[in-house]
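In: Model the structure of this input:
(chains A and B)
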Amino acid sequence: MNALEFLAGINPVAASGAALVLVGLWGVLARPNLFKIAIAFTVLETGVNLVILSVGYIRGRTAPILDAASDAATASARMTDPVPQALVLTAIVIGLAVTALMLSYALRLKAAGGGSSIEAYGEEKW
Amino acid sequence: MMRKVLVFLALIGFAFALLPLAYRAGVADEPNALATAYLERAPAELATANVVTAIVVSYRGFDTLGEVAVLFAATAGVGALLTKKRLGSAGARAPRKEATEVLGTAARLLTSLLALFGVYIFTHGHLTPGGGFQGGVVIATAVLLNILARPQSHLAHGLMTAVESLSGAAYVALGLLGAFLAWGFLDPRALPLGELGKLVSAGAIPLIYSVVGLKVGAELSGILEALKGDRE
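Out: As a prediction, this is how the structure comes out:
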């Protein structure tokens, strides 16, 4: 198998999503700073969203929005899968809410004098 | 050292789990039965040009109501966690510096345009790639710009609470209207469907997405204001 064939087999959206998932997972597991952990979660979420979107993509097809170019009769023959896109829309909003809540907890812990490193909370470990 | 090895092993495991998706992924040639049904029936049943909007607001409308509820709970949590009293001395830091002339002028210039653009996005959610959540985020960016330009100022808290609760109530009321008039909770066919592709079409979907947009805009503005850390 030559290099060109290998490159053609890579799904670019899913591959970049997978890379973001790994970066985010590394940030969550290996970084001690609470704020950086919260941001790593958003990177992880973005990667997961890209992977989900790439699953619903069909090569050569257009977005599931009807206009002059694609009428209702040919819609299912010319458009991609709309369900993953609807799910990702929900996931983005929930991810935003979770990020805001994580950052507020980190701010409160810091304001209470606990520091922003997760190493400072050893006694909460299970 | 042990931890680094474990983290590395976890990353390798995840990379192997994601590999089949990234390389020679089983991307389908045809949408599956559910997607095909949505693509064929959404324009005919609901007169919605944007099929994703039809799924989010109508077919899976109950999910979206739950999603709005989750966003509300998160906003309430952020607001409760980050008050001046709870943050203590860390909240009452030295007075913030005033913004530069450039930022102040840009904020004055862009605020109304951003708000208008947000309204445009959420009222055209059934025709274009947009909707309540996206439009609400654009409105919240106008608030963020003003928070950056005038750090001492405060959001009209009562007004935001009123917009949020009234739009939430209007969302549920539109859902109940669908239940009584079209025999389905959140069924947009309670209102006349109109012609596909027109601004006034798709039944209650533009109304539902407008109240979602107002609610999301007010909630995100509340989160931004709370994260500033000087709320009473």
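In: For chain B, what's the nearest residue on chain A?
Out: A:Ala97 (3.4 Å; C-beta to the nearest C-beta). (Each C-beta comes from the backbone N, C-alpha and C, glycine too.)
In: give me the element that residue is part of.
Out: Per DSSP states H and E: A:Ala97 is located in helix A:82-111.
In: Now do that helix: which elements does it pack against?
Out: helix A:34-56, helix B:33-46, helix B:51-53, helix B:61-81, helix B:84-87, helix B:132-149, helix B:205-228 (3 or more C-beta pairs under 8 Å, 6 or more residues apart in numbering or on different chains; DSSP states H and E).
In: Which positions in the fourth one come out as buried?
Out: It stands for helix B:61-81. When burial is assessed from 16 or more other C-beta atoms under 10 Å in any protein chain shown, helix B:61-81 yields the following buried residues: B:61, B:64-65, B:67-68, B:71-72, B:74-75, B:77-79, B:81.
In: so where's the chain shaky on pLDDT?
Out: Chain wasn't specified; assuming chain A. A:1, A:68-73, A:75, A:123-126 (pLDDT under 70).
In: Let me rephrase: I mean chain B.
Out: B:24-28, B:89-96, B:232.
In: For it, which residue gets nearest to chain A?
Out: Relative to chain A, the nearest point of chain B is B:Ala74 (3.4 Å; C-beta to the nearest C-beta).
In: My guess is that residue contacts A:Leu103. True?
Out: No: using C-beta atoms under 8 Å as the test, B:Ala74 is too far from A:Leu103 to be in contact (10.9 Å).
In: any idea how far stretch B:1-21 is from the chain center?
Out: Its chain's C-alpha centre and that of stretch B:1-21 lie 33 Å apart, by C-alpha atoms, centre = their mean, to the nearest Å.
In: for stretch B:73-85, same thing?
Out: 19 Å.
In: Export it to PDB, keeping only CA atoms.
Out: Taking C-alpha atoms only, stretch B:73-85 is exported to PDB below (Å, rounded to 0.1, in the frame of the first residue of the first chain):
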ATOM      1  CA  ALA B  73     -29.800  24.800  36.000                       C
ATOM      2  CA  ALA B  74     -26.200  25.500  35.000                       C
ATOM      3  CA  THR B  75     -26.900  29.300  35.000                       C
ATOM      4  CA  ALA B  76     -28.500  29.100  38.400                       C
ATOM      5  CA  GLY B  77     -25.600  27.100  39.700                       C
ATOM      6  CA  VAL B  78     -23.000  29.600  38.300                       C
ATOM      7  CA  GLY B  79     -25.000  32.500  39.700                       C
ATOM      8  CA  ALA B  80     -25.300  30.900  43.100                       C
ATOM      9  CA  LEU B  81     -21.600  29.900  43.300                       C
ATOM     10  CA  LEU B  82     -20.100  33.300  42.200                       C
ATOM     11  CA  THR B  83     -21.600  36.000  44.400                       C
ATOM     12  CA  LYS B  84     -19.500  38.700  46.000                       C
ATOM     13  CA  LYS B  85     -20.200  37.400  49.400                       C
END
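In: got the contact list for it?
Out: A:97-98, A:100-101, A:104-105, A:107-108, B:91-92, B:219-220, B:222-223, B:226-227, B:229-232 (C-beta atoms under 8 Å, 6 or more residues apart in numbering or on different chains).
In: again, but for stretch A:39-54
Out: Under the criterion C-beta under 8 Å, 6+ apart, residues A:11, A:13-14, A:16-28, A:31, A:84-85, A:87-88, A:91-92, A:95, A:98-99, A:102, B:18, B:21, B:25, B:27 lie in contact with stretch A:39-54.
In: ditto for stretch B:129-138
Out: Stretch B:129-138 is contacted by residues A:63, A:65, A:89, A:92-93, B:50, B:52-53, B:56-57, B:114, B:117-125, B:208-220 when judged by C-beta under 8 Å, 6+ apart.
In: Buried among those? Need that as a selection in ChimeraX.
Out: Applying 16+ other C-beta under 10 Å to the contacts of stretch B:129-138, the buried members can be selected in ChimeraX as follows:
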select /A:65,89,93 /B:50,52,53,56,57,114,117,118,119,121,122,123,124,125,208,209,210,211,212,213,214,215,216,217,218,219,220
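In: quick one: contacts for the residue of chain A closest to chain B?
Out: Going by C-beta under 8 Å, 6+ apart, A:Ala97 touches B:70-71, B:73-75.
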